[in-house]
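Asks: got a sequence here, can you build the structure:
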Amino acid sequence: MKHKKEHIKNPFSEEETGEAKSKEQNAKGEEEEREPHLHASKKLKEDFENLNNQYIRLAADFDNYRKRQEQERAGLIAYGAQDAMKKLIEVLDNFDRAKQSIENTEDANQVKESFNVLYNQMFENLSKLGLEVIDTQGKEFDPNFHEAVMQTPTNEHPENHVIMELQKGYKLGDKVLRPALVNVATTE
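Replies: Numbers count the residues shown, from 1 in each chain. Okay, the predicted model is just below:
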């Protein structure tokens, strides 16, 4: 019997090693080509995570700021009214005292005097809170501060000027709380 010589590849043969080296070099080259992309991808992921964490922290900080502002606003409303009420309670106490003192009084001058004291105290306390009377007499009509409820033809006053105040107007700082009701001059 004849033995057939089978062709067995020798892994150490030059032909095989060259082919293996070539495959290894190709794989290494592909890996080196991918490595910058992998490195860039990792860097992008890290940057994304850092930015995402900053965003989350910023969103939480803003939410806390918003909640603090709401609490402060609620506190200002509640305690701002409290301060105003304290000033008005003093006036209310004086109304009680005046009421008791004039019960048996027949003197009209004493009643007037008590009334004037109370009025002045009330206005003074409201002024401390920022209330101002809108000036009208002799002023040019300003629709921002005045409400014309009458117009009177006259030559005695300049046209479009306030002749008479029918009801006082008030403002708090720059905000008009109630416009003054006025009579305005027109030409005859």
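Asks: how close does Pro143 get to Met164?
Replies: Here the criterion is CB to CB, to the nearest Å. By it, Pro143 lies 17 Å from Met164. All C-beta spots, glycine's among them, are computed from the backbone N, C-alpha and C.
Asks: more neighbours: those two, which one.
Replies: Neighbour count, other CB atoms under 10 Å: between Pro143 and Met164, Met164 has more, with 14 against 8.
Asks: which one's the longest helix in the chain?
Replies: Secondary structure of the chain per DSSP state H: the longest helix is helix 14-102.
Asks: what packs against it?
Replies: If contacts are counted by 3 or more CB pairs under 8 Å, 6 or more residues apart in numbering; DSSP states H and E, helix 14-102 sits against helix 108-128.
Asks: which stretches of this protein aren't confidently modelled?
Replies: For the chain, the stretches flagged by pLDDT under 70 are 1-34, 36.
Asks: quick revisit: pull the distance from the longest helix of the chain to the chain's centre.
Replies: On the basis of CA atoms, centre = their mean, to the nearest Å, helix 14-102 sits 19 Å off its chain's mean C-alpha point.
Asks: what's the answer for stretch 89-109, then?
Replies: Using CA atoms, centre = their mean, the distance from the centre of stretch 89-109 to the centre of the chain it belongs to is 44 Å.
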